[in-house]
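S.K.: I'd like to go over a predicted model; first the sequence, then the structure.
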2 protein chains.
Amino acid sequence: MLRLSKLTDYAVVVLVRLDAGLELQTSPGIAAAIGVPEPTVAKVLKSLSAGGLVTSLRGARGGYRLARALEDIPVGEVIAAMDGPIALAACVDGSATECESLALCPVRGRWDPVNDAIQRALSAISLADMREAAIPAVFRVPHTAELGRSDASRQ
Amino acid sequence: MLRLSKLTDYAVVVLVRLDAGLELQTSPGIAAAIGVPEPTVAKVLKSLSAGGLVTSLRGARGGYRLARALEDIPVGEVIAAMDGPIALAACVDGSATECESLALCPVRGRWDPVNDAIQRALSAISLADMREAAIPAVFRVPHTAELGRSDASRQ
DNA sequence: ACATAACCGGACCGTCGCAGTCCTGATTAG
DNA sequence: CTAATCAGGACTGCGACGGTCCGGTTATGT
Ligand code: FES
Ligand code: FES
């Protein structure tokens, strides 16, 4: 599937929201704005902060701010901040993992070109490109009301 | 991490192995050649067959054969055959999943360009490109001897 | 015709990473 | 000093993935 984690998905939404004109936004505020549970948004913000994509101000009246403009944030960097470095195979080059049995590993560095191609593709697209896509009428989400417990259908 | 499944990794090895000059190779034979358990190799072969990347001949003296030359098999097709269609987000366009609550989904189709870029990158690289990478001295792997229980170090 | 070899299509289960929540500090405004 | 906010973990439930196995089918060869 080559799916990326859902947290990364939220990260993009959060970052786009951070570019909404305001200078400083709090975690609960963002959560209310995009309709995602606050703890989850907080987690995303932390990872983003650790990745250097947003800057944080602690203490009362603190909050988060974009570290760079959306145009300067490639989507690959967001993925790296959330899901760790991009590595298709177990061992590409950032061989932080194991693989002592190199001799009998038939895929020794074989995925490197593929990995590199993807990384290049992800670096060519910025968050600004994704922002253009669309931002539907989501910003008027009720932040206090219970969103209806949308357990809708169990599949 | 954007990691692909280990089965896909094996698939590439198997496919490269299938291009080893022989006309027809059996599942146990391939397993012995690349040093991977037979049931796992069989599973990979089945997925590959279902994906139309290899053709199979049943019955005694049956086996597998490449459906197309390695040059004509983009790596993206292998990934699609093993891990299903490439879809970064939950909903790209093959919205086989759910997402009835479109109204409050802030990522509505936002990942499409990224997804497309990756797909293009994966289509540009063929298995022949990966075969060039290297095939170390793996083909002489002992298929009967126990490989030594390499539990080595627990890190 | 029979036995054999190989593929086919599942079911099955253990493991592991992910999604989501929560709690205890550290920091700063007022 | 108190309140608000971020920081950094620990914790748990769940679902996908990795790997194995089994009965069934097809074809070869004697
Ligand atoms: S998995 Fe690391 S070298 Fe093979
Ligand atoms: S997850 Fe499918 S539309 Fe949002």
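M.R.: Ah, there it is. Numbers count the residues shown, from 1 in each chain, chains lettered A, B, ... in the order given. Ligands and ions are numbered 1, 2, ... in the order given.

S.K.: Would you mind listing what in chain A touches DNA strand D?
M.R.: A:1, A:3, A:26-28, A:42-43, A:45-46, A:49-50, A:56-64 (Cβ under 7 Å from any atom of the strand). No exception for glycine: its C-beta is placed from N, CA and C like everyone else's.

S.K.: The same query, at a cut-off of 10 Å, please.
M.R.: A:1-3, A:24-31, A:38-39, A:41-43, A:45-50, A:54-65, A:90, A:154-155 (Cβ under 10 Å from any atom of the strand).

S.K.: Can you flag which of the residues you listed belong to helices?
M.R.: A:27-31, A:38-39, A:41-43, A:45-50 (DSSP state H).

S.K.: so which residue of chain A comes closest to ligand 2?
M.R.: Per Cβ to the nearest ligand atom, residue A:9 is where chain A lies closest to ligand 2, at 7.8 Å.

S.K.: is it fair to say that residue lies in a strand?
M.R.: No. Counting by DSSP: H, G, I helix; E, B strand; the rest coil, residue A:9 falls outside a strand, being helix.

S.K.: how far away is it from residue A:45?
M.R.: 14 Å (Cβ to Cβ, to the nearest Å).

S.K.: what does residue A:121 give?
M.R.: Distance from residue A:121 to residue A:45, by Cβ to Cβ: 26 Å.

S.K.: So between these two, which is more surrounded?
M.R.: Between residue A:121 and residue A:45, counting by other Cβ atoms under 10 Å in any protein chain shown, residue A:45 is the more crowded of the two (25 against 22).

S.K.: show me the contacts for that one.
M.R.: Contacts for residue A:45 (Cβ atoms under 8 Å, 6 or more residues apart in numbering or on different chains) come out as A:14, A:27, A:30, A:54, A:56, A:64.

S.K.: please redo it, this time with the cut-off set to 6 Å
M.R.: A:27, A:64 (Cβ atoms under 6 Å, 6 or more residues apart in numbering or on different chains).

S.K.: Same check on residue A:48?
M.R.: Residues in contact with residue A:48 (Cβ under 6 Å, 6+ apart) are A:11, A:54, A:81.

S.K.: Next: residue A:65.
M.R.: Residues near residue A:65 by Cβ under 6 Å, 6+ apart: A:24, A:55.

S.K.: Mind pulling up the pLDDT for it?
M.R.: Here the pLDDT value assigned to residue A:65 is 96.

S.K.: Now do the closest residue to DNA strand C within chain A against residue A:24, distance only.
M.R.: Nearest residue of chain A to DNA strand C, counting by Cβ to the nearest atom of the strand: residue A:59, 2.4 Å away. Using Cβ to Cβ, residue A:59 is found at 12 Å from residue A:24.

S.K.: more crowded one of these two?
M.R.: residue A:24 (14 against 6).

S.K.: count of neighbours near residue A:33?
M.R.: Quick note: residue A:33 (other Cβ under 10 Å) scores 22 neighbours.

S.K.: what helix or strand is it on?
M.R.: helix A:27-34 (DSSP states H and E).

S.K.: and the angle from that helix to helix A:38-50?
M.R.: Orientation check (axes from the mean of the first three to the mean of the last three Cα atoms, to 10 degrees): helix A:27-34 against helix A:38-50 gives 110 degrees.
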